[in-house]
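Q: pasting the sequence and the predicted model now:
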Amino acid sequence: MRKIATLSVTLISVTLFAAAVSAQGAYFVQSAKARVLSAASFKSSPLGEVRRGYKFASAMKQENWIKVKYKGKVGYVPSLLLATHPPFEKVGLIKADESDINQGVRRRASSYTSAAAARGLAQDDRRRLSKEEKVDYESLEKVESFKVTPEELSRFMEGGKL
């Protein structure tokens, strides 16, 4: 009976140790930059910022956050920004001079250009497009005319009501 109890305790200890070891390892930053925060919250104070490819050693996952050691402190990074493998190198598939690429590539209109073109429509055209394509120009004009004072912005940032 004593051997079974000793074996059970040993088996449980090994299982817990293996789980702890597998939870720890190396995590690499996949995004261009990642902020290391002092707590598992976006509102917490930052400890620093690291670049793509930075390796965190001895890390542990906690829900949507990875608990890491950073400059001798414990920090947290969102798990979406990290992976257990190094980031892949950027590979270019088009082999040509930049001037050739710039001349041959059709460019997409920027959102600014598209919005400017939309604002240039006559009132009748806007009404027609609003009905046909369900574009709400009245709401667009209302949003564009909305102004926020610096004081209102400060109160909003502090969590107060406007």
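A: Arrived safely.

Q: got the domain boundaries for the chain?
A: In the assignment given by automatic domain parsing, the structural domains of the chain cover 25-86, 121-162.

Q: worst average pLDDT in these?
A: Averaged per stretch, pLDDT over the domains of the chain is lowest on domain 121-162, reaching a mean of 72.

Q: can I get the domains of the chain in JSON lines with mean neighbour count?
A: Backbone N, C-alpha and C define where each C-beta goes, glycine included. Listed next are those as JSON lines, based on neighbours: other C-beta atoms under 10 Å:
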{"stretch": "domain 25-86", "mean neighbour count": "15"}
{"stretch": "domain 121-162", "mean neighbour count": "10"}
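
Q: which residues in the protein form helices?
A: Taking DSSP state H as the criterion, the chain contains helices spanning 2-23, 98-104, 111-119, 123-132, 137-145, 150-157.

Q: and the shortest one, what's its mean pLDDT?
A: Taken as a whole, helix 98-104 has an average pLDDT of 62.

Q: now swap in the third one and tell me
A: Computed over helix 111-119, the mean pLDDT rounds to 58.

Q: before we move on, what about the longest one?
A: Along helix 2-23, the predicted confidence averages to a pLDDT of 52.

Q: residues in contact with the closest residue to Asn64 other than its chain neighbours?
A: On the basis of C-beta to C-beta, 6 or more residues apart in numbering, the spatially nearest residue to Asn64 that is not a chain neighbour turns out to be Ser79, at 5.4 Å. With contact taken as C-beta atoms under 8 Å, 6 or more residues apart in numbering, Ser79 is in contact with 61, 64-66.

Q: closest to Ser139 out of these?
A: Asn64 (34.6 Å; C-beta to C-beta).

Q: so that closest one is in contact with Pro78, correct?
A: Yes - between Asn64 and Pro78 there is a contact under C-beta atoms under 8 Å: 6.5 Å.
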